[in-house]
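Q: this is the structure alone, sequence omitted:
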């Protein structure tokens, strides 16, 4: 635990705080979904959910795992979280969440967490409204049998988006691809590629889901098909599938400089509800 001068303290939250965490995260279920997916791990081994607690009452939270996700924190408490994590080996490879929280927290950490860094300071947080275009009927949930075909598309998406091949760091990323296919949380459109074999032409995943909110991640279109217009109908179909089978609220966030993607989401019927930021470490 780390104590502030006001008596507020940071602690790793045990299972007895689960209801308090649920109540806190439910205040903004779209912004908090990346942290909320971990609620059920509270009390199981070493908790990675941090909280500022004052007089026994939870004030706000930070998920501190592979991603660091602040939720509803203020500047004074972010100082407490920064001091807490800087006193321990670094666990996170990124910081993501509401832009004001992420960027302020990063200012507190950056002199100590040195190394290659990419700061994506403006990522509009979007939620789907009424679908404004016809859904592509060929888009479907992937199955576990599709996973060998989905994996190369997923790796290509990640490498293009983040800048390195995730398979270079072990089997974890491919295992996640297979898990999403098994759950029916990866959506694909397939077709015949230039080499005459079936391939994934479009994909999108439900990367996080909790409390009626599904966050779409991993959206990708085969490079030779970009600009052909397939992503608009495909995204509409994803929204339709997710609402019917997974969660009523469909959200995502996207880099503000990705003008092509923003146009697609606007055509589909997404509207901005907030702004995220991501720091890649």
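A: In hand now; what should we look at? Model, not experiment: these values are computed from the prediction.

Q: count the neighbours of residue 227 for me.
A: Residue 227 is flanked by 10 other residues according to other C-beta atoms under 10 Å. (Glycine included, C-beta is placed from N, CA and C.)

Q: any idea whether residue 101 is helix, strand or coil?
A: At residue 101 the chain is in helix, as set by DSSP: H, G, I helix; E, B strand; the rest coil.

Q: where along the stretch 1-150 of the chain do the helices fall?
A: 18-25, 33-36, 75-86, 99-109, 147-162 (DSSP state H, counting those that start in this stretch).

Q: go through those and name the closest to residue 169.
A: In terms of C-beta to C-beta, the element of those nearest to residue 169 is helix 147-162, at 10.9 Å.

Q: how far off centre is the strand ranked longest in the chain?
A: In terms of residue count, the longest strand belonging to the chain (DSSP state E) is strand 198-210. Between the centre of strand 198-210 and the centre of its chain there are 13 Å (C-alpha atoms, centre = their mean, to the nearest Å).

Q: hey, where'd the helices end up in the stretch 151-281 of the chain?
A: Under DSSP H, counting those that start in this stretch, the stretch 151-281 of the chain gives helices at 172-183, 230-245, 259-268.

Q: ok so, going back, any chance of the helices of the stretch 1-150 of the chain in TSV, plus mean neighbour count and distance to residue 260?
A: Formatted as TSV, those follow (neighbours: other C-beta atoms under 10 Å; distance: least, C-beta to C-beta, whole Å):
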stretch	mean neighbour count	distance to residue 260
helix 18-25	17	32
helix 33-36	24	24
helix 75-86	19	34
helix 99-109	20	22
helix 147-162	17	13
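
Q: make JSON lines from these and add mean pLDDT and distance to residue 203 to it.
A: Listed next are the helices of the stretch 1-150 of the chain as JSON lines, based on pLDDT from 0 to 100; distance: least, C-beta to C-beta, whole Å:
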{"stretch": "helix 18-25", "mean pLDDT": "94", "distance to residue 203": "28"}
{"stretch": "helix 33-36", "mean pLDDT": "96", "distance to residue 203": "20"}
{"stretch": "helix 75-86", "mean pLDDT": "95", "distance to residue 203": "34"}
{"stretch": "helix 99-109", "mean pLDDT": "97", "distance to residue 203": "27"}
{"stretch": "helix 147-162", "mean pLDDT": "96", "distance to residue 203": "5"}
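
Q: which one, of the helices of the stretch 151-281 of the chain, ends up nearest to residue 161?
A: Nearest of the helices of the stretch 151-281 of the chain (C-beta to C-beta): helix 259-268, 10.9 Å.

Q: how far does the closest one sit from the chain's center?
A: In terms of C-alpha atoms, centre = their mean, the centre of helix 259-268 is set 19 Å apart from its chain centre.
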